[in-house]
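In: Task: produce atomic coordinates for the following.
(one chain, ligands or ions: 1)
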Amino acid sequence: MTVDNVPVDSGVRATATPPSQSPYAVGWENSRGRKHAEPTPRWRDEFQRDRDRVIHSAAFRRLEYKTQVFVNHEGDMFRTRLTHSLEVAQIARTIARALGVNEDLTEAIALAHDLGHTPFGHAGQSVLNACMREFGGFEHNLQSLRVVELLEERYPEFRGLNLLFETREGILKHCSVPQAKLLGEVGRRFIEGGQPSLEAQIANVADEIAYNHHDMDDGLRAGLLDVEQLRTHSLFRETEQAIIVRWPHLDAKRLRYTVIRQMLNFFVSDLLTTTATHLQERGVESLAMVREQTSPMLDFSPTTLQIHLELKRLLRHHLYEHPRVVEMAFQSQTIIRELFEVYMNSADELPEPPDLSGELTHARAVCDYIAGMTDRFAISEHQRLRRSARLNRAAEEIS
Ligand code: MG
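Out: Sure, this is the predicted structure:
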């Protein structure tokens with residue numbers, strides 16, 4: 001595949017003037033508000049308040065010690081869930097500003113999107129889901145919603161963070177119909193069809209753009225990817241060639257950063273141009289019209305979508321399925337599975353007995369506890385339980 005118009009910085013800087021708020025943006029006047037009514041904040045608006053609540057949550061702080069691809073203790077330079085979320089928020093804000101939609105709401109969704117992630121990344125999620133198979137399963141996206149609706153206990157008047165409908169809607173990126181039926185209004189679009197706000201769509205795509213690019217960087221740094229593998233990707237290869245023509249003496253590190261930055265710029269530019277065209281062609285003039293669409297407004301052009309998907313495939317093949325990553329995943333899955341068995345068999349190992357008087361089951365309380373752990377806490381808790389021989393006893397009961 002050839003790539004036209006590989007972007008290389010011209011060196012000329014134009015100052016982008018943010019458009020005024022677009023008619024299809026979420027604003028206070030068209031927001032569905034909060035479950036529990038609260039006084040209007042004096043010094044900030046309601047969307048800033050949501051963003052601030054996410055940043056002050058305990059789940060957000062724990063993202064610092066949770067795996068993105070590399071387990072937290074493997075190196076100080078790799079992305080964690082926290083730095084990933086910050087990069088998503090940065091990309092998402094740029095897109096939101098360029099489209100004239102609500103930047104604070106977009107940022108709140110981006111910062112909250114991974115709050116429900118388990119320790120050890122996707123390996124942790126898949127094993128926790130397997131452990132919970134008979135008890136309703138586990139899905140990190142649903143768990144992010146559970147964190148902001150129930151598990152954060154900070155306010156005297158309500159459980160959770162009492163975030164705006166639009167923030168919660170944005171956090172819930174995907175959902176099965178049976179699950180959606182349990183979620184009330186926020187799950188309705190998965191039953192009836194329709195799209196979330198543009199702000200939610202932006203946070204979703206910014207997530208993919210962010211991890212594609214930072215995983216190339218981390219993968220190269222870790223020595224799991226090599227440049228020759230990336231050069232099989234048309235955009236990487238052509239961007240690198242264009243940069244070498246312009247700066248023939250760049251060292252390898254600056255060349256890598258420049259290629260990745262220019263690629264990121266290419267995807268964001270294409271996304272903005274394509275989305276602006278969609279908005280115009282479909283005559284979208286309100287938030288209600290955004291919601292009525294049968295497909296997302298935010299999209300790459302067909303050619304760029306293929307380039308984006310090729311990059312995802314390349315990363316899956318060479319990085320996420322790399323033997324070292326797979327081995328790390330295997331070890332971390334053992335930790336989570338064994339923790340789950342111990343807590344299921346010995347409730348007294350939980351920090352406090354769960355209140356099972358309502359809908360909460362013991363299995364769900366165990367799942368919430370494990371999902372909230374950081375990588376290093378899960379490892380040290382596993383070691384503690386091994387020392388106390390609890391794990392051996394649990395293992396005997398399983399066999
Ligand atoms: Mg993410």
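In: what does this structure put close to the ion?
Out: Contact residues (CB under 5 Å from the ion) of the chain with the ion: 114, 207. Glycine gets a C-beta too; all of them are placed from N, C-alpha and C.
In: worst-scoring helix or strand of the chain, pLDDT-wise?
Out: Between all helices and strands in the chain, the lowest mean by mean pLDDT, DSSP states H and E belongs to helix 390-398, at a mean of 57.
In: In the stretch 51-200 of the chain, what residue comes closest to the ion?
Out: The minimum distance from the stretch 51-200 of the chain to the ion, using CB to the ion, falls at residue 114 (4.5 Å).
In: Is it correct that that residue is in contact with residue 141?
Out: No - using CB atoms under 8 Å as the test, residue 114 is too far from residue 141 to be in contact (9.0 Å).
In: what about those two, which has more around it?
Out: residue 114 (24 against 18; other CB atoms under 10 Å).
In: nearest residue to that one other than its sequence neighbours?
Out: Excluding its sequence neighbours, the residue lying closest to residue 114 (CB to CB, 6 or more residues apart in numbering) is residue 81, at 5.2 Å.
In: coming back round to it: so the residue of the stretch 51-200 of the chain closest to the ion, which state does it fall into?
Out: Following DSSP: H, G, I helix; E, B strand; the rest coil, residue 114 is assigned to coil.
In: give the contact list for it.
Out: Going by CB atoms under 8 Å, 6 or more residues apart in numbering, residue 114 touches 63, 81, 84-85, 140, 144.
In: pLDDT wise, what is it at?
Out: Turning to residue 114, the model gives it a pLDDT of 96.
In: mind listing what's buried in stretch 304-315?
Out: 304, 307-308, 310-311, 314-315 (16 or more other CB atoms under 10 Å).
In: do the same with stretch 220-236
Out: Applying 16+ other CB under 10 Å to stretch 220-236 flags 220, 222, 224-225, 229-230, 233-236 as buried.
In: before we move on, what about stretch 181-190?
Out: Here stretch 181-190 shows 183, 186-187, 189-190 as buried, counting by 16+ other CB under 10 Å.
In: biggest separation within the residues you listed, which pair?
Out: The most widely separated members of the buried residues of stretch 181-190, counting by CB to CB, are 183 and 189 (10.4 Å).
In: so which helix or strand takes in residue 49?
Out: helix 46-55 (DSSP states H and E).
In: Just to check, residue 35 is in contact with residue 164?
Out: No - contact criterion CB under 8 Å: residue 35 and residue 164 do not qualify, at 9.5 Å.
In: more neighbours, these two?
Out: Each of residue 35 and residue 164 has its neighbours counted (other CB under 10 Å); residue 164 has more, 23 against 18.
In: Angles on the backbone of the more buried one, please.
Out: With angles defined as degrees, to the nearest 10, residue 164 sits at phi -60, psi 150.
In: secondary structure class for the spatially closest residue to residue 149 that is not a sequence neighbour?
Out: In this structure, residue 149 finds its nearest non-sequential neighbour in residue 160, 4.4 Å apart by CB to CB, 6+ apart. Three-state call for residue 160 (three-state DSSP): coil.
In: Just list the residues touching residue 160, thanks.
Out: 147-153.
In: one more time with 6 Å
Out: The contact partners of residue 160, taken as CB atoms under 6 Å, 6 or more residues apart in numbering, are 148-150, 152.
In: now residue 291
Out: 194-195.
In: Phi and psi next, for it.
Out: Per degrees, to the nearest 10, the backbone of residue 291 is at phi -70, psi -30.
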